[in-house]
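**Student:** my questions concern the predicted model and sequence given below.
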Amino acid sequence: MTGALVLAAAAACLPAPDGWPESFRPEACPQVYRIHGNAPSERALNIVVMPAGFTAEELPTFRCAARLMVDKLMTFAPFDRYACSINVYRIDLASPPMTVPAKCSGRDCEHAKVAWDGKAEECRQLESSPGCPERPLDAAPCLELDLDVDACPLSAPVCRVIWPSGKGMLRIWPVAACAPEANVVLVLVNSEEWAGGGIEDDHSRLVVTTMCGIDAAGTRSLLLAHELGHALGLFDEYFDGSAFVDGGQEPSFHAGRNIVKAGPDGKVATNPWAALCLNEQGGSEPCRVRCRQNDGCTPCEEAYGAAAGAPPLVGLFEGGFYAACGYYAATTYCRMLNPNDTTYCPACNLYLTELFGGQDLRMQRCPEGQTGPVPAGCAE
């Protein structure tokens, strides 16, 4: 898997990298719990959830939020169909309060801690089944994780971007190695701001999300699903280039994902979701260039006008990958276009399904009729 972090199966910490605080000791690994799944790690998507900005007194809030968020994620397609092949580990780790600059590009930065009112009973029920311990809790003091957060990276014009600095990155990987296995590292930040990020790189797939929206049942995993999509290889489908002020920091384009790029002649040579294109009567047809916006780009057919109850139109809708022209998405809706959308588009579903069942992850679908959260299945 490109960019996958493959860790030793033994529940032990890796040697500390250069620049790690001298106080780090492998025997001080924090408690690790498996809160979802019991699949063999070599045939699973293994996610490690870590807190940032939660003091020791606030760790119960982190534990509850992580469980609520993960359980909800497993109800989203295609994660629901592969929930039996997803393992999630939670690392209980106290950390200093997160600090952010007072201003970002002249604007005030808030990042207040989320109000967790009304969750006491739901959290109490989850605390009665905290998960399966993967290693005994040492008497040594808990290792503190200070992500050294950048709230305004890449000269971003708003305060809603939260990402670990270089020093913070050096502190994430040894702690993640306390879990038996990690394909994705998820950092949950103690902030009520709607902010996050996801990246697939040469070291590991990394996701950062805040607490925003987790306390409400309808939104508690929408931000995670969008940012996790990035870590698994999906692109943003919006065409607003303001996300990257410095053009040199834009991500590299890779074919075969949820966005296709036109060639020098302005035409799309290959399209991974070509078999999904439907006309208004539900029959398959070549993917047509459809209008998503009046942008003066490639001439296109009217996007709307499907008969009532007909499947959403799938075609080539120009605009995506932070550009109005030259890139095409499959539909006019997707949680990679808008994190508040409740579903991935057909192209995203197709990509994730092929990734999950591919040679790198080798995940198995759940038995027919079984979807959603899977208990950790503690061994005796």
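**Tutor:** Perfect, I can see it now.

**Student:** list the contacts for the nearest residue to E58 once chain neighbours are set aside?
**Tutor:** The shortest distance from E58 to any non-neighbouring residue, by CB to CB, 6 or more residues apart in numbering, is to N190 (6.7 Å). C-beta: built from backbone N, CA, C; applies to glycine. By CB atoms under 8 Å, 6 or more residues apart in numbering, N190 lies in contact with 51-54, 58, 61-62, 97-98, 113-114, 210-211.

**Student:** and what of V187?
**Tutor:** In this structure, V187 makes contact with M50, P51, A52, L147, P164, I172, L206, V207, V208, T209, judged by CB under 8 Å, 6+ apart.

**Student:** touching, the second one and L93? I think so.
**Tutor:** Yes. A contact is recorded between P51 and L93 when judged using CB atoms under 8 Å, the distance being 5.7 Å.

**Student:** these two: who's more crowded?
**Tutor:** Using other CB atoms under 10 Å as the criterion, P51 and L93 rank with P51 on top: 27 against 22.

**Student:** any idea which element that one lies in?
**Tutor:** Using DSSP states H and E, P51 sits within strand 45-52.

**Student:** what's the answer for V207, then?
**Tutor:** For V207, the element it lies in under DSSP H and E is strand 205-210.

**Student:** following that strand, which helix or strand shows up next?
**Tutor:** Sequence-wise, the next helix or strand downstream of strand 205-210 (DSSP H and E) is helix 222-231.

**Student:** quick check: angle from that next one to strand 45-52?
**Tutor:** Angle between the axes of helix 222-231 and strand 45-52 is 120 degrees (criterion: axes from the mean of the first three to the mean of the last three CA atoms, to 10 degrees).

**Student:** other SSEs contacting helix 222-231?
**Tutor:** In terms of contact count using 3 or more CB pairs under 8 Å, 6 or more residues apart in numbering; DSSP states H and E, helix 222-231 is assigned the packing partners helix 59-73, strand 184-189, strand 196-200, strand 205-210.

**Student:** got a list of contacts for that helix?
**Tutor:** The contact list for helix 222-231, computed with CB under 8 Å, 6+ apart, reads 69, 73, 76, 79, 184, 186, 194, 196-200, 205-210, 212-213, 236, 335-336, 339-342, 344, 348, 352.

**Student:** ok, which of the helices and strands packed on helix 222-231 comes nearest P264?
**Tutor:** Evaluated over the helices and strands packed on helix 222-231, closeness to P264 peaks at strand 196-200, with 27.1 Å, by CB to CB.

**Student:** ok, and what's touching that closest one?
**Tutor:** When contacts are defined by CB under 8 Å, 6+ apart, strand 196-200 is touched by residues 2-3, 161-163, 205-210, 223-224, 226-233, 251.

**Student:** just stretch 326-333 next, same as before
**Tutor:** By CB under 8 Å, 6+ apart, the residues outside stretch 326-333 that reach it are 237, 239, 258-262, 266, 268, 273, 276, 289, 292, 297, 303, 312-321, 337, 341, 343, 345-348.

**Student:** which ones among those residues lie within strands?
**Tutor:** Residues of those located in strands (DSSP state E): V260, K261, V289, L316, F317, E318, G319, G320.

**Student:** most surrounded residue in those?
**Tutor:** Of all these, the highest neighbour tally under other CB under 10 Å goes to F317, namely 27 neighbours.

**Student:** which residues of the stretch 101-250 of the chain score low on pLDDT?
**Tutor:** Low-confidence segments of the stretch 101-250 of the chain (pLDDT under 70): 101-114, 117-118, 128-130, 133-161, 165-166, 202-203, 241-250.

**Student:** which stretches of it form helices?
**Tutor:** Per DSSP state H, counting those that start in this stretch, the stretch 101-250 of the chain carries helices over the ranges 120-127, 166-176, 222-231.

**Student:** can you give me the angle the second one makes with strand 184-189?
**Tutor:** In this structure, helix 166-176 runs at an angle of 120 degrees to strand 184-189, with the same axes, to 10 degrees as the basis.

**Student:** same thing with the first one?
**Tutor:** Relative orientation of helix 120-127 with respect to strand 184-189: 150 degrees, computed using the same axes, to 10 degrees.

**Student:** could you export helix 120-127 as PDB, CA atoms only?
**Tutor:** Extracted as PDB, the C-alpha positions of helix 120-127 are listed here (Å, rounded to 0.1, in the frame of the first residue of the first chain):
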ATOM      1  CA  ALA A 120     -23.200  12.100  30.400                       C
ATOM      2  CA  GLU A 121     -25.600   9.100  30.200                       C
ATOM      3  CA  GLU A 122     -24.400   8.000  26.700                       C
ATOM      4  CA  CYS A 123     -20.800   8.200  27.800                       C
ATOM      5  CA  ARG A 124     -21.500   6.300  31.000                       C
ATOM      6  CA  GLN A 125     -22.900   3.400  29.000                       C
ATOM      7  CA  LEU A 126     -19.800   3.300  26.800                       C
ATOM      8  CA  GLU A 127     -17.500   3.500  29.800                       C
END
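
**Student:** give the buried residues for that helix.
**Tutor:** For helix 120-127, the neighbour count (16 or more other CB atoms under 10 Å) marks C123, L126 as buried.

**Student:** contacting residues around it?
**Tutor:** For helix 120-127, contacts defined as CB under 8 Å, 6+ apart pick out P60, T61, R63, C64, R67, L68, W116.

**Student:** on contacts alone, who are the packing partners of the strand holding P51?
**Tutor:** When contacts are defined as 3+ CB pairs under 8 Å, 6+ apart, strand 45-52 sits against helix 59-73, strand 86-91, helix 166-176, strand 184-189.

**Student:** the second one vs strand 184-189, what angle?
**Tutor:** Using the same axes, to 10 degrees, the inter-axis angle of strand 86-91 relative to strand 184-189 is 50 degrees.

**Student:** what pairs with strand 86-91, and is each one parallel or antiparallel?
**Tutor:** Strand 86-91 pairs in its sheet with strand 32-36 (antiparallel), strand 45-52 (parallel), by DSSP bridges.
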